[in-house]
Every structure is written in C-alpha cells, then in structure tokens.
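[1] show me the folded form of this:
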Amino acid sequence: MAVAFPPSLQEDLLSGHVTAILDQGTHFEGKLSFEGTVQIGGDFKGEIFTKDTIVINEGAFVTAQIEADTIVISGRVEGNLFARRRVIMHPPAVFKGTVTSPSLRIDEGVVFEGASYMPKS
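    Here you go, the predicted structure:
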C-alpha cells in the first residue's frame, strides 16, 4: 500500500535505495540487519538493526526491538524503538512500547500507547 511521506523524508528515501521489501503475506522471525532502506509490509518478530531507514507499511505487524537512523511507521508495532535521527508515525499506525529519539512525530489518528524519551545531545 502506498504511504504518503513528507517531502523531506521522500527525498531521503529517494536518495537511498530500497535494499529489501518484506511485503504483505511474508512472515519473518529473527534478526534483521541491513544498509539502505527496508520496507516491511508483512509480519516480523525479532530484532532490527540498521544505520539507515526502516519503513513499516500499513498492514504490517511488527514485534521487535528496532535500532535505526530513521523509523517510519504506518502499520502496527510493539516493542522498543531507538532512532538516531527521527521516528515518524502516520495513521493508521498503532504503536505500543517505548520510543527513544531526538525527534518524534505522531500524526493525528495514530494510536500511541507507551512512553517517549529524547536523549540529551
């Protein structure tokens, strides 16, 4: 499903390349590490580590600890997020857990159950 990204993030996504897509209907359990941008549209359970961007699309269900530069969520995520740059949540995202990031954007219509922390720079 297409997700509308803000222009600045769109440029970031376009400047990088999509390394992998776990689309609807996929199920993955384990540790995922990568460079570039990965989009998840299916089910994922485990740990995700990257210095780049993870995009969790509408319809995805992710239970994970995620460490990334940028995390974009439109699906359902349960777990702890650690972002070096920013976290963006678009509706119909549902998030349960903890977010640690210098920048957090939650659009109207997102369900957020948890806590957020902004590290001191």
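[2] residue 99: how many residues sit nearby?
    Using other C-beta atoms under 10 Å, the number of residues around residue 99 comes to 24. From N, CA and C alone the C-beta is placed, and that goes for glycine too.
[3] swap in the one 3 residues further on?
    By the other C-beta under 10 Å criterion, the neighbourhood of residue 102 contains 14 residues.
[4] that one: which element?
    Assigned by DSSP states H and E, residue 102 falls within no helix or strand.
[5] which element is the closest residue in space to residue 46 that isn't next to it in sequence on?
    Spatial nearest neighbour of residue 46, chain neighbours left out: residue 30 (4.7 Å); criterion: C-beta to C-beta, 6 or more residues apart in numbering. Per DSSP H and E, residue 30 falls inside strand 27-34.
[6] that strand pairs with which strands, parallel or anti?
    strand 43-50 (parallel) (DSSP bridges).
[7] helices along this structure, start to end?
    Counting by DSSP state H, the chain has helices at residues 7-15.
[8] lowest-confidence helix or strand of it?
    Across the helices and strands of the chain, mean pLDDT, DSSP states H and E gives its lowest value to helix 7-15, namely a mean of 56.
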